[in-house]
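Chemist: I'll drop the sequence and a predicted model, then ask my questions.
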Amino acid sequence: MNDQLSLSIFTIEINGKPTLALEAKKHQEAEGLCEQDWLRADLSALTSKGVPLCDAKAAMRVRLARSAEAALYRQVTESTKLSDDINIVYLVDLDD
């Protein structure tokens, strides 16, 4: 039996809004990302329609990506050079 886990695509919702997608082996791994201070800081610095994606009180929730979210993740990651770090695809339009 093969003990290797395949990667799944997860969506992180911020205050109920699907905001980013990423690959992880386990739900717990994706949830752990939400606890990282650097992620909240990065999301607080980014805006969509003039509103920060995240603030100190924002609720983050992880779930399996829906088919359209997973398709967008695959499309973006296949068309760009992947890094060795976590590849994040934003599901919202970011301001310049």
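Modeler: Perfect, I can see it now.
Chemist: For stretch 16-30, buried residues please.
Modeler: 18-24, 29-30 (16 or more other CB atoms under 10 Å). C-beta here means a position set from N, CA and C on the backbone, and glycine is covered the same way.
Chemist: from those, which two are the most distant?
Modeler: Pro18 and Glu29 (18.6 Å; CB to CB).
Chemist: quick one: contacts of the longest helix along the chain?
Modeler: What stands out as the longest helix in the chain, according to DSSP state H, is helix 67-79. Helix 67-79 is contacted by residues 9, 11, 18, 21-23, 65, 87, 89, 91 when judged by CB atoms under 8 Å, 6 or more residues apart in numbering.
Chemist: let's see it at 10 Å
Modeler: Residues from elsewhere that reach helix 67-79, judged by CB atoms under 10 Å, 6 or more residues apart in numbering: 8-11, 18, 20-23, 63-66, 87-91.
Chemist: Roughly how far does the nearest residue to Cys54 once chain neighbours are set aside sit from Ser67?
Modeler: Excluding its sequence neighbours, the residue lying closest to Cys54 (CB to CB, 6 or more residues apart in numbering) is Leu43, at 3.5 Å. Distance of Leu43 to Ser67, computed by CB to CB, to the nearest Å: 24 Å.
Chemist: Helix or strand next in line after the longest helix of the chain, which one?
Modeler: strand 88-90 (DSSP states H and E).
Chemist: Partner strands of that next one, with direction?
Modeler: strand 17-24 (antiparallel) (DSSP bridges).
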